[in-house]
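*Asks:* Could you look at this predicted model? Sequence included:
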Amino acid sequence: MKRLVVSALALLLAGGAALAQQPAKAEPTKIRFTLDWKLQGIHAWYFWAKEKGYFAAENLDVTIDQGEGSATTVTRIMSGVYDAGFGDMNAIIQNAATRPAETPVMVYMLYNKAPFALLTKADSKITAVKDLAGTRLGTPPGGASFKLLPLLAKANGVDYAKIAITNVAPNLQEQMLLQGQVDTIAIFTATSYMNLVALKLDPDKDFRWIFYSDAGVDLYSNGIMVSPKLAKEKPDAVKGLLKAINRAIKEAVADPDAAIALLAAREPLINKDIEKRRLIYVYSSLIDTPEARELGLGDISDARLAAAITLIADAFELPRKPAPAEVFDRAFLPPKADRMPPQVGK
């Protein structure tokens, strides 16, 4: 009996020693993530990744905040307040020319086709970029479409100084156009198209859209970017972040009703019908492109990026032209087989 007790005690001690030798689970990596805008259907996948536990599965503790403009995402990360975010590639290029060590790097391109456009009423005398001189243009100061307006003007021979710029709140830009307080607004199609639908207007019949890509400015747009510090010190965290978001994008697109329902649980004031339409519209028009089907979601064409960098560097007279590797890094992407664009669910 004594021998049995001793043996049991030995086994207990041995088991305790084995448990003590097991490494403690590392603390989750905290990532402060900023969106580009106020909460919309196109942000559903970030919250899907959080609520479904995909961030947690990668040992990440991700906090998601609303944004104030795609270009502002870059400055928010450069300030050190945020570690990552969803914002504009072109703002990265401009900042990388002067502050490369502080500028975030794009690691997952989402808007393969840029949503930059000018919006005016269908009966407006503004039919092309060349008509902007001497007119009133409204724009949120942090918007990427506004930041790129000098480039658009230069590409079309317009004196930028002759455009009367009015700063407007993001939620009032379409209303100011409707009320005649401005003649045109510099917008994201991803936002304004569905905003007009929500106002019970016909975006195609009642308005004229002048796309930057049709006026000599073919650029990439929004994607997921991270700070240089996070990329260098926590590369596995960046890979985990993209793995979780990539999975969430595919699942949210395949089941948009469930994705919007999840988003509405966080923000009950959203119009679920409008935001579902927005998600599908943006995915179909800006994300699921021929290039994305060839390269997979998140990746880009090096030649196209190089051309875009040259265009921006020349237009803004940047002191130097950043190399493509300074502004985009595909090393953190999930395998291509996991990034093929899904079909939109019903």
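*Replies:* On my side now, so go ahead.
*Asks:* how would you label the residue nearest the centre of the chain: helix, strand or coil?
*Replies:* Using Cα atoms, centre = their mean, the residue of the chain that lies closest to the mean C-alpha position is F86, 3.2 Å off. Of the three states, F86 takes strand under DSSP: H, G, I helix; E, B strand; the rest coil.
*Asks:* Show me what it bridges to in the sheet.
*Replies:* For F86, the beta-bridge partners are I224 (DSSP bridges).
*Asks:* Mind pulling up the pLDDT for A14?
*Replies:* We have a pLDDT of 53 for A14.
*Asks:* Between its first and last residues, what's the separation in stretch 247-267?
*Replies:* By Cα to Cα, to the nearest Å, the extent of stretch 247-267 from end to end equals 22 Å.
*Asks:* One more: stretch 100-114?
*Replies:* OK, stretch 100-114 end separation, Cα to Cα: 24 Å.
*Asks:* Now do that stretch, average pLDDT.
*Replies:* Mean predicted lDDT for stretch 100-114 stands at 96.
*Asks:* buried set for it?
*Replies:* Buried positions in stretch 100-114, judged by neighbour count with 16 or more other Cβ atoms under 10 Å: 102-114. (Glycine included, C-beta is placed from N, CA and C.)
*Asks:* circling back: ok, the residue nearest to the centre of the chain - contacts?
*Replies:* 33-36, 43, 46, 67, 70, 73, 110, 222-225 (Cβ atoms under 8 Å, 6 or more residues apart in numbering).
*Asks:* So which of those belong to strands?
*Replies:* F33, T34, N222, G223, I224, M225 (DSSP state E).
*Asks:* Any idea what the second one is bridged to?
*Replies:* Partner residues in beta bridges with T34, using DSSP bridges, are D65, G85.
*Asks:* Please look at it and V74 and confirm they touch.
*Replies:* No: here T34 does not reach V74: they are 9.9 Å apart, not a contact under Cβ atoms under 8 Å.
*Asks:* More neighbours: which of the two?
*Replies:* Taking neighbours as other Cβ atoms under 10 Å, T34 and V74 compare with V74 leading, 30 against 23.
*Asks:* what helix or strand is the nearest residue to the more buried one once chain neighbours are set aside on?
*Replies:* Excluding its sequence neighbours, the residue lying closest to V74 (Cβ to Cβ, 6 or more residues apart in numbering) is A91, at 4.2 Å. A91 is part of helix 89-96 when elements are defined by DSSP states H and E.
*Asks:* other SSEs contacting that helix?
*Replies:* The helices and strands touching helix 89-96, judged by 3 or more Cβ pairs under 8 Å, 6 or more residues apart in numbering; DSSP states H and E, are helix 70-78, strand 105-109, helix 144-147, strand 222-226, helix 302-315, helix 324-327.
*Asks:* Following the chain past the second one, name the next helix or strand.
*Replies:* Put plainly, it is strand 105-109. strand 116-121.
*Asks:* Quick one: the strands in the stretch 101-250 of the chain, in order.
*Replies:* 105-109, 116-121, 136-139, 164-167, 184-188, 207-211, 222-226 (DSSP state E, counting those that start in this stretch).
*Asks:* can you put those strands in TSV and add distance to E291?
*Replies:* Putting these into TSV (distance: least, Cβ to Cβ, whole Å) gives the following:
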stretch	distance to E291
strand 105-109	9
strand 116-121	17
strand 136-139	28
strand 164-167	33
strand 184-188	20
strand 207-211	17
strand 222-226	13
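*Asks:* Nearest to R266, out of those strands?
*Replies:* Comparing the strands of the stretch 101-250 of the chain against R266 with Cβ to Cβ, the closest turns out to be strand 222-226 (19.6 Å).
*Asks:* re earlier: ok, which pair from the buried residues of stretch 100-114 is furthest apart?
*Replies:* E102 and K113 (28.6 Å).
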